[in-house]
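K.L.:
Sequence first, predicted coordinates after that:
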Amino acid sequence: MSLSDVDELKARACTLIDNHADTLISVSHDIHDHPEQNYEEIFASELLTRTASGLGMPVELGAFDCATGFSGDVGSGPTVCIMSEYDALPDIGHGCGHNIIAAAGLGAAIALASIADVSGGRVRYMGTPAEEGGGGKILMARNGALDGVDLAMMVHPADADLATIDAIALQQLLVEYTGQESHAAAAPHMGRNALDAAVLGYMAVATLRQHILPTERIHGIFLKAGEKPNIVPREASTEWYVRSDNVTSLGALKPRVLASLESGAHACGCTVSHQWIGAAYADMVTNNTMGTMYAHNALGLGRTVTDPRQGGHRVVGSTDMGNVSHLVPSIHPMIASAPSGTSIHTAQFAQYARSPLADKAVLDGAKAMAMTAIDFWTSPERQSAVAAEFHAANPDKNVL
């Protein structure tokens, strides 16, 4: 296909996105106004499936045994999977801007569906719930969601345009302490304080932080800490996120964290149990061949994409898109949706996620992804280069 033909396809995709701009922005705002947490995204998933199907991208809700996930295919040939996230955070709602991800993915998918046949490709549009700890992409991938996919992509809001998120491996941990209740004044000697055990475990993790890699992270909260001050707490529990550079180093860090947390129970005469929740989130393996195409297309929209791996601004986190990137070639660029210095996972970012900056990110993100998919579809050489880079990177396939 000639360069002029490719440019014409890109122009058609961008025009369609512009023609549906009001709808896409409305979807972003509606999801922002109805924040839903892990696997409870009923409003968002129904809105996205209804809108996508009405705009020529038919998708099925409940796909791959995930009640609030959806999926649908249009076209035939090399398959590009566009992903939308739409879950929110407790209390601060869309402080990670997943409403932007949802609407941008929708825009890219309907644009690609309109030209898939003439482009010689297939688009798979997937709604992936529960990124904030529930691992929706992992669940759906286990059930075949990525079968036949040649490339996966999404865009994530941030305070800058970046080639990728610095996504490190993560696993959640729940720890429960059990002691013996007693009257705290009349018979404290009869009690075994589960809260003390949890506090000592917390402090042990604090000392452990001195002796882990600078790139590793351990953070936790108290879920249960007793009922009244005059009752020795019988039960206490904490929840933790344990993060490391990759799944291998995470495996080495996990027993050290657990030993620290269990030490409090030994000191206080309590029992302790733990549960590693779900599959670990893997580190992100960015396909640079495809990332370069995305950056070129974003530049045409007036966005200069910088690479955090080469110094400068970074956004560090964890995502189940990391697991996807170990299974198929993937990109996870960050798109500026808030002023520089505005951290994600804050109430301030949630406000910007429903702003003119966010609305522009929805449209630009949709266009950049659609044009990148067109580059991939229309060039066997690029398809081969993407696949070769992925296989050379040799990512760990044992991430489900």
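P.N.:
Received the coordinates, thanks.

K.L.:
Determine the number of other residues adjacent to Met321.
P.N.:
Met321 is flanked by 25 other residues according to other Cβ atoms under 10 Å. In short, each C-beta sits where N, CA and C put it, glycine included.

K.L.:
Surely it is in contact with Lys137?
P.N.:
Yes: applying Cβ atoms under 8 Å as the test, Met321 and Lys137 come out as touching, 6.4 Å apart.

K.L.:
which residues are common contacts for the two?
P.N.:
Met83, Glu131 (Cβ atoms under 8 Å, 6 or more residues apart in numbering).

K.L.:
so where's the protein shaky on pLDDT?
P.N.:
Along the chain, segments meeting pLDDT under 70 are nowhere present.

K.L.:
What sits closest to Arg256 if chain neighbours are left out?
P.N.:
Leu208 (6.2 Å; Cβ to Cβ, 6 or more residues apart in numbering).

K.L.:
Let me know how buried the one you found is, in neighbour terms.
P.N.:
For Leu208, the neighbour count with other Cβ under 10 Å is 17.

K.L.:
Check which helix or strand the residue in the chain sticking out farthest from the centre maps to.
P.N.:
With Cα atoms, centre = their mean as the measure, the chain has its most outlying C-alpha, relative to the mean C-alpha position, at Ala186: 50.6 Å. With elements taken from DSSP states H and E, nothing contains Ala186; it lies in neither a helix nor a strand.

K.L.:
how near is it to Asn230?
P.N.:
9 Å (Cβ to Cβ, to the nearest Å).

K.L.:
if we can go back for a sec, for the residue nearest to Arg256, grab phi and psi.
P.N.:
The main-chain torsion angles of Leu208 are listed as degrees, to the nearest 10 and equal phi -60, psi -30.

K.L.:
isn't it right next to Leu258, touching?
P.N.:
No: under the criterion of Cβ under 8 Å, Leu208 lies out of contact with Leu258, with a separation of 10.6 Å.

K.L.:
Give me the common contacts of the two.
P.N.:
With contacts defined as Cβ under 8 Å, 6+ apart, no residue is shared by Leu208 and Leu258.

K.L.:
residue contacts, Pro333?
P.N.:
Residues near Pro333 by Cβ under 8 Å, 6+ apart: Val155, His156, Asp161, Leu162, Ala163, Thr164, Gly291, Tyr294, Ala295, Ala298, Val305, Ala368.

K.L.:
Take these and keep only those in helices.
P.N.:
Gly291, Tyr294, Ala295, Ala298, Ala368 (DSSP state H).

K.L.:
which residues of the stretch 1-150 of the chain fall in strands?
P.N.:
Under the criterion DSSP state E, counting those that start in this stretch, strands of the stretch 1-150 of the chain are mapped to 60-61, 70-75, 79-84, 122-127.

K.L.:
Which of those strands sits closest to Arg354?
P.N.:
Of all these, it is strand 79-84 that lies closest to Arg354, at 16.8 Å by Cβ to Cβ.

K.L.:
Just checking: what are the partner strands of the closest one?
P.N.:
The sheet places strand 79-84 alongside strand 122-127 (parallel), strand 151-153 (parallel), with pairing taken from DSSP bridges.

K.L.:
and it, how far from the chain's centre?
P.N.:
14 Å (Cα atoms, centre = their mean, to the nearest Å).

K.L.:
One more: stretch 34-43?
P.N.:
On the basis of Cα atoms, centre = their mean, stretch 34-43 is displaced by 15 Å from the centre of the chain it belongs to.

K.L.:
Just the C-alpha atoms of it, please, in PDB.
P.N.:
Taking C-alpha atoms only, stretch 34-43 is exported to PDB below (Å, rounded to 0.1, in the frame of the first residue of the first chain):
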ATOM      1  CA  HIS A  34     -20.400   7.200  37.900                       C
ATOM      2  CA  PRO A  35     -17.200   5.800  39.500                       C
ATOM      3  CA  GLU A  36     -17.200   2.000  40.000                       C
ATOM      4  CA  GLN A  37     -14.600  -0.300  41.600                       C
ATOM      5  CA  ASN A  38     -13.200  -3.700  40.700                       C
ATOM      6  CA  TYR A  39     -15.700  -5.900  38.900                       C
ATOM      7  CA  GLU A  40     -18.600  -3.600  39.800                       C
ATOM      8  CA  GLU A  41     -18.300  -1.500  36.600                       C
ATOM      9  CA  ILE A  42     -21.900  -2.200  35.500                       C
ATOM     10  CA  PHE A  43     -22.700   1.300  34.300                       C
END
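
K.L.:
Buried residues of the host helix or strand of His391, list them for me.
P.N.:
Secondary structure from DSSP H and E places His391 in helix 380-393. Residues of helix 380-393 classed as buried: Arg382, Gln383, Ala385, Val386, Ala387, Glu389, Phe390 (neighbour count, 16 or more other Cβ atoms under 10 Å).

K.L.:
From Ser28, how far off is Ala370?
P.N.:
Separation of Ala370 from Ser28 (Cβ to Cβ) stands at 17 Å.
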